[in-house]
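Enquirer: A predicted structure for the sequence below; I have some questions about it.
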Amino acid sequence: MSDFEWALVGAFNSFFQRENIAAIAYRLKQSRFSAQLADILVDSRIPEYYLAIECKSVDARKTKSLYFKQHFSTAAGEHQMSRETDFIARSGRQGILAVELRWGPGLPRSAHLLPWGMAAQSYDDGKRGITLQEIEANPPLQRIRGAYEISRLDIVRISGYYDIATNQDTLEADPPADG
């Protein structure tokens, strides 16, 4: 799976450089026995590019869904969906679930970006996972010479959906009226 993660980091950074956007994508180092915040973080002062991306790569011939129990981890007694949803909400980042579907030898892979809030809602609703049909309902990333390409439309299409940021920031709220 790390190949997919590195491919996405490269695609995001190529997009930022090509479009002259002040942002940088980087892959977090994984530790075998500790929970990870997300696979890829993107730092930018531009809110639509302040991202947390979780990557999953599945053999589409062998599964009908991206299952929450099978494809996501449980570390420190907490499910990965809960941990990452909490991180996304508390950090103010836009969350993305990037899913690569592998179709077997000689067939092209496809990658789809889903709003994290959609995945979190499915998990909270008690669904077993996200079906391949739900994943493929999101347009695949373009591939040029085997490399994924990111466009502004790919990011804008999913940002803002399912806003999961917490509303606990009292600095922006008006104080209660004394009466």
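Expert: Nice, I can see it.
Enquirer: where does the protein dip in pLDDT?
Expert: By pLDDT under 70, the low-scoring segments of the chain are 1-2, 30-35, 160-179.
Enquirer: mind listing the helices in it by residue range?
Expert: Remark: helices assigned in the chain by DSSP state H are 2-18, 68-71, 80-91, 116-124, 132-136, 152-158.
Enquirer: So what touches the longest one?
Expert: Looking back up the chat, that one is helix 2-18. Defining contact as CB atoms under 8 Å, 6 or more residues apart in numbering, one finds that helix 2-18 is touched by 21-27, 30, 39-40, 42, 49, 53, 55, 57, 98, 100, 111, 141, 147-152. Yep, even glycine has a C-beta here, placed from its N, CA and C like the rest.
Enquirer: same thing with stretch 45-53?
Expert: The contact list for stretch 45-53 (CB under 8 Å, 6+ apart) reads 8, 16, 21-23, 25, 37-44, 84, 87-88, 91-98, 116, 155-156, 159.
Enquirer: One more: stretch 76-94?
Expert: Stretch 76-94 is contacted from outside by 35, 37-38, 41-42, 47-48, 50-52, 54, 68, 72-75, 95, 116, 119-120, 123, 158-160, 164-166, using CB under 8 Å, 6+ apart.
Enquirer: ChimeraX command to pick out the buried ones of those?
Expert: Per 16 or more other CB atoms under 10 Å, the buried members of the contacts of stretch 76-94 correspond to this ChimeraX selection:
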select :38,41,42,48,50,51,52,54,68,72,95,116,119,120,123,158,159,164
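Enquirer: what sits against the spatially most central residue of the chain?
Expert: Taking CA atoms, centre = their mean, the centroid of the chain lies closest to I96, which sits 2.2 Å from it. By CB under 8 Å, 6+ apart, the contact list for I96 reads L51, A52, I53, E54, L113, L114, P115, W116, I158.
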